[in-house]
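Colleague: What would the 3D arrangement of this be:
(2 chains)
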Amino acid sequence: MAMFIALMKKEWALSMRQKPIFLSLLLFSSIVILLAYFALEVLDVKPKEVVPAIIWLAIVFGGTLQLNRTFDFERDEDVLDGMRLIKNIGTPFYFSKLLVNFATLVLITVFATFVATILFDYPLFSEVSRIALPIFLGIVGISSVGTTFSTMVMVHHKRDILLPTIFYPLIIPLSIAVIKYAQGGDVLWLKILLAFDVIYVTASLLIFDKVMEI
Amino acid sequence: MKIITAIIVAIDLALIAFYAPIEATQGVAQKIFYWHVSSAMVMMAFLVLGGVFSLIYILKRSQKFDALAVSFIEVGFLFCTAVLLTGPLWAKPVWGTWWTWEPRLTSTFFVWLIFFGYFMLRANLENKEHARLYSAVIALFGCLDIPIIILAVKVWRGVHPQVLGSRANLPDQMWIVLLVSIVTIFLVASQLVLARFRREKNG
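Modeller: Predicted coordinates:
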């Protein structure tokens, strides 16, 4: 636990040093929503039906940018080699990265929801109880898988393109579940989301040490 | 063994062409079903086997298991592609459209995408040890994802009536040809895995 707190302090210090990046992430996700608005304007659909999906789109795209820079600071200067020397660092290290990614995604979500509400005239207050839970579970899912996968591509110079190709197919069922439940679907979707999160957080924890080893 | 496989393929093709009756409503197009169904079985079995070998590789780090995993996954992926190609070929004359979001077709497509990522990563990482380990992780995660995909897609599309019925709906002749086809395709696939495994082992 002490290790985790120390790592979180490091992450906090690093995040505070690069606030402009968060600004670009937020800007990027609102541009995604803007583009979606242009695409859907002619269809004359009700905001209740499309807004959850568009928010999710902004989260996934903006999230990919964040996930790709998960290990930006560890990649250089042999920081990872130093980390490997510390005993039992795997789990706290993974959780610190997971938490940072998760928090950033929450930030993107809140901002994207705000932008989408205004652009689409979405009845946020009556709908928030319905969309909050699936999106929360969805973010847990993409941060858990995304953190592990970004570990695997971090040393590669083509990681920008590799991460989405391995990451998006895996989260397809997650995306379907989030969007369908938020649009007014079955409770079964929540169970699918929960199952996905449990499976992938556990699997990531078990595998992370192995992935860090080499 | 190769010659025997070739002969069995020829026999199976002849059975499909001449012995199997022509389906009343779907016509000749239905005959693709014998290889389509067997390919789907090979795909599922081999991808899951590949996932299991990947897990063993992650735990043991023995190159033999990586070679086994990549051989099974590659052949499984090949047959996955075959399923995705033969499906629309059948659907066009029968359903009148190349692609429908039928649950099984959709699930297969998503699985195909995951394992496409597997090969992308494997081919792109220059460090061979990284490539082996990381692709094994994807195979493992991908296999864990298969049941979730199948469930999610089923709920999403609504459970459809069985396109291909159980044994009771198939006339005996079709049933025999299907069994022969399954054996044939498994034989061909195993030959491919063996060849691929040898190549991987010899570097």
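Colleague: Near chain B, which residues of chain A? Just list them.
Modeller: Neighbours of chain B within chain A, by Cβ under 8 Å from any Cβ of the partner chain: A:145, A:148, A:152-153, A:155-156, A:158, A:162, A:165-170, A:172-173, A:176-177, A:180, A:186, A:188-189, A:192, A:195-196, A:199-200, A:203, A:207, A:210-211, A:214. All C-beta atoms are positioned from the backbone trio N, CA, C, and that covers glycine.
Colleague: pLDDT at B:Val163, what is it?
Modeller: pLDDT recorded at B:Val163 is 53.
Colleague: Could you state which residue of chain B sits nearest its centroid?
Modeller: B:Met43 (2.0 Å; Cα atoms, centre = their mean).
Colleague: Quick check: buried residues in the helix or strand containing A:Leu7?
Modeller: Following DSSP states H and E, one finds A:Leu7 within helix A:2-17. Of the residues in helix A:2-17, A:3-4, A:7, A:11 count as buried by neighbour count, 16 or more other Cβ atoms under 10 Å in any protein chain shown.
Colleague: so what secondary structure elements neighbour the helix or strand of chain B with the lowest mean pLDDT?
Modeller: Confidence across the helices and strands of chain B bottoms out at helix B:2-14, with a mean of 83, counting by mean pLDDT, DSSP states H and E. If you count contacts as 3 or more Cβ pairs under 8 Å, 6 or more residues apart in numbering or on different chains; DSSP states H and E, helix B:2-14 packs onto helix B:172-201.
Colleague: Okay, buried residues for the helix it packs on please.
Modeller: Applying 16+ other Cβ under 10 Å to helix B:172-201 flags B:174, B:177-178, B:180-182, B:184-193, B:196-197, B:200 as buried.
Colleague: In three-state terms, label the closest residue to A:Leu98 other than its chain neighbours for me.
Modeller: Distances taken as Cβ to Cβ, 6 or more residues apart in numbering or on different chains put A:Thr147 closest to A:Leu98, at 5.0 Å, once the chain neighbours are dropped. Under DSSP: H, G, I helix; E, B strand; the rest coil, A:Thr147 falls in the helix class.
Colleague: Return the residues in contact with B:Ala136.
Modeller: By Cβ atoms under 8 Å, 6 or more residues apart in numbering or on different chains, the contact set of B:Ala136 is B:54-55, B:57-58, B:66, B:69.
Colleague: In CSV, list those along with distance to chain A and pLDDT.
Modeller: Converted to CSV, the contacts of B:Ala136 look like this (distance: Cβ to the nearest Cβ, whole Å; pLDDT from 0 to 100):
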residue, distance to chain A, pLDDT
B:Ser54, 11, 94
B:Leu55, 10, 94
B:Tyr57, 10, 93
B:Ile58, 6, 91
B:Asp66, 13, 92
B:Ala69, 15, 94
